[in-house]
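Participant: coords below, sequence missing:
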């Protein structure tokens, strides 16, 4: 009955099938095969990445929960903890951008409130193809509308993130969604099924035929027939999720339940095997009572459906009536579909027959782990070799082009579609180096950011991994926050290709090295492989989500110059490093060279100076130097606040003028400060051995940059602003 | 002064508004549940922002049928103070307590941003603490905030000085660009003839603390509080 064709439809190899047969001691039926295929898919099992993910540091004194749960948890003191995670929804967002992105938001929200935490912030990392292609515009329009419709409705602010553009994402856009929730330490919940005889309750939307094989789809390459997979994408209902959120938090707050898990990828299957696997129990359920939206659904379809907005709870027997009352208050049904058993199997009955009887451990923990072969890409050496073209003549007009390039241009078109202020905690609006949220009733604030430079990783995955962590931490340092925890979303191509596996391995090594150096634990995340369409793989794209703490919310500052006559100070050193830069890409059409070098000790010292300066209330603005280098950083500081503040910058560095303006040398931060406070700031920097010098003064309605007395850029704020502000709206308004 | 903040199942600014009233303005504040028939003896009912019943249909269209709205309607008839913010404004229009309707924003996108408001009538229970000539900076966050009313209604509400807030630029000029959602006559906030029911699209509860970037919204709550 189970033939090679059926196995291949389930993305299972012959060896994997044999393993299933030996684990359960017989041939599985079709429903059981479906269950194994889902739970052993790359998306659910991490079978190709597990061996490497072990290299990431996951321990630390603040860690309450590391990888392995719905989300990671970090202690922030004062009886509170933050619960956070990032997830990809790349494949669904390509097939059906609006619903794909919306359900991505819905899924990550459930991961957070499942643990008892109220979600307080969403951030997204988005990667699209160039906007001159109408298909890419439609994808971007749909993804932003999807995030907006879901997050806005449920009332969780989308406070930040990043948007990158590159042709490599034209047929494989990336949608990574990060969510953070706040919980009292004593009220954290886990996905466990404890207490034999305890009832298993199903709550939320009815089960339909949508999303069957979603996790399997996310674990395969796309071909030309991708459009046909549209029925695999679910449709989101944020109102239903809002009801679920409030009702679940209420039953948890009242201590009525034992364990809870959302039915996300792999739906009912995932929750009914993972919960007992964690607590050494079994579960028996009856599919006849599972609320169904369609008639005639088979056990296979019910178990594999990925209908959204559903949760599975294990309640204490004596509390069931009370639990049902809370759900009724929120107009939801809680249906008793089974119970926790002593045997270690998942047993499913349907119309009086047992249709599934498999050991939960086999499904959850005994998936094969692969150490797939890896090989350095043959063309990497030639890609890293860079023969620099002569600097462009008019560097001012190059700057205008860079600042108008969609990756660097103002993202207000995106952010104003997101409610970024609901819950009234948002201290810094989107566009700042990091998002900052106050904690009501406390002096402290939370900062968070998403970062990752795929071009760096493409040209040197290890360096790219290190820089992704360093730069995310630098973003935090620019708002005065110290990092406390990391989540990551690793977007890569097909791991069965040795070159992709090599990129993956090296990127993780880089991330691990930097996290150890910063002493920040990775508490979880997500691996998204098979980001290939028609044989073309995306650049390796790790997205780091890092959370930090600010000691005094009143001291928080933004990236823009605030006042005329302030001194402009550069922490760190300019270096002649142009490899892998946006400048080479935009001005010369080159994606070559090596990414900038980085010394993590120097990096940490630079960040520490910024954090201390902000904490003491010395500086008026702080902005990180990253893509586009010094010239882009200074431009943004001039124009990000209206009406803007100009400046004159005088530099003495003896390097190529284009490298000085646009080189992406690491470990640099731009500060502005009242002149009378300069000695204290320079003293702080000297104490930590960080180069710091005054490079100019704010004022006027122009931005002027000189190198050794020679003017290299002079632009009015008006021109800079127009180029930066209008780029995205214009690109997206073409129909 | 006792405030009551209504909770519909899809309200999402209920806690924000509660926080602004109780913790920032130190007023006695209660939550009012949509399924109840009890206003808990409050002096002012606040309908907060959000998506009342999901609002997949017209915003606020289902909320008008909720049990509590019966009491709210009677409360309005007795002259009780009602403040509808964003979705609350939409509900007040659906209830017929204020004239007109909301269309989608003119650019057909959700808009979350600061706007500037000119106070057109500072002689209401909701605006009497606003200093003369002061331009308020308060955020909006909505998809359906494009106010519409037929010409004769617009003439009437203008004649009766029912327009309380109008979208303007930072200098106080009513320009087309400043009217971000395309509202008729740039109307951002509207009071009923009797002067006891105000609907406004901007969110004063988001502009009540300096840490969040503006305190201009406080002036509206303070107008209600101070006799």
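Facilitator: Okay, I see it. Everything quoted here is computed from the prediction, not taken from an experiment.
Participant: Might you report the residue contacts of the residue in the stretch 551-700 of chain A that chain B sits nearest to?
Facilitator: Closest contact between the stretch 551-700 of chain A and chain B, by CB to the nearest CB, is at residue A:553 (6.2 Å). Bear in mind the C-beta positions are built from the backbone N, C-alpha and C, glycine included. By CB atoms under 8 Å, 6 or more residues apart in numbering or on different chains, residue A:553 lies in contact with A:427, A:436, A:438-439, A:442-445, B:211.
Participant: Please tell me which one of these counts the most neighbours.
Facilitator: Counting neighbours by other CB atoms under 10 Å in any protein chain shown, residue A:436 leads the contacts of residue A:553 with 29 neighbours.
Participant: what kind of secondary structure is it in?
Facilitator: Recorded secondary structure, residue A:436: strand (DSSP: H, G, I helix; E, B strand; the rest coil).
Participant: for it, what are its contacts?
Facilitator: Contacts were defined as CB under 8 Å, 6+ apart; by that measure residue A:436 touches A:426-428, A:445-447, A:479, A:481, A:550, A:553, A:556.
Participant: Sitting in strands, which of these do you find?
Facilitator: With strands defined by DSSP state E, the entries of those inside them are A:426-428, A:445-447, A:550.
Participant: of the residues you listed, list those near chain B.
Facilitator: Filtering those for proximity to chain B (criterion: CB under 8 Å from any CB of the partner chain) leaves A:426-427.
Participant: for the ones in strands among the contacts of residue A:436, which one is nearest chain B?
Facilitator: Distance to chain B across these (CB to the nearest CB) is lowest for residue A:427, with 6.0 Å.
Participant: how close does the nearest residue to the closest one once chain neighbours are set aside sit to residue B:131?
Facilitator: With CB to CB, 6 or more residues apart in numbering or on different chains as the criterion, residue A:427 has its nearest non-adjacent residue at 4.3 Å, and that residue is residue A:436. Counting by CB to CB, to the nearest Å, the gap between residue A:436 and residue B:131 amounts to 31 Å.
Participant: Can you read off the pLDDT for residue 212?
Facilitator: All of this refers to chain A. pLDDT, the model's per-residue confidence, is 78 for residue A:212.
Participant: wrong one, chain B
Facilitator: In this model, residue B:212 is scored at 96, pLDDT.
Participant: What residues does it make contact with?
Facilitator: Residue B:212 makes contact with A:421, A:424, A:426-427, A:438, B:206 under the criterion CB under 8 Å, 6+ apart.
Participant: near chain A, which residues of chain B?
Facilitator: With CB under 8 Å from any CB as the criterion, chain B meets chain A at residues B:9-10, B:12-13, B:15-16, B:19-20, B:23, B:49-51, B:53-56, B:109-113, B:139, B:141, B:143, B:203, B:205-206, B:208-209, B:211-213.
Participant: could you redo the last one with a cut-off of 6 Å?
Facilitator: Proximity of chain B to chain A (CB under 6 Å from any CB of the partner chain) is limited to residues B:9-10, B:12, B:16, B:51, B:54, B:109-113, B:139, B:141, B:206.
Participant: What's the local residue count around the nearest residue to residue A:343 once chain neighbours are set aside?
Facilitator: In this structure, residue A:343 finds its nearest non-sequential neighbour in residue A:282, 4.4 Å apart by CB to CB, 6+ apart. Burial of residue A:282, expressed as a neighbour count using other CB under 10 Å, amounts to 24.
Participant: ok, what's across the strand from the residue nearest to residue A:427?
Facilitator: Taking DSSP bridges, one finds residue A:428, residue A:447 as the beta-bridge partners of residue A:436.
Participant: Got the confidence number for it?
Facilitator: So residue A:436 comes in at 98 (pLDDT).
Participant: what's the spacing between it and residue A:123?
Facilitator: Relative to residue A:123, and taking CB to CB, residue A:436 is found at 12 Å.
Participant: Ok, residue A:449 next?
Facilitator: When CB to CB is the yardstick, residue A:449 and residue A:123 sit 8 Å from each other.
Participant: Then residue A:685?
Facilitator: Look at residue A:685 and residue A:123: by CB to CB, they are 31 Å apart.
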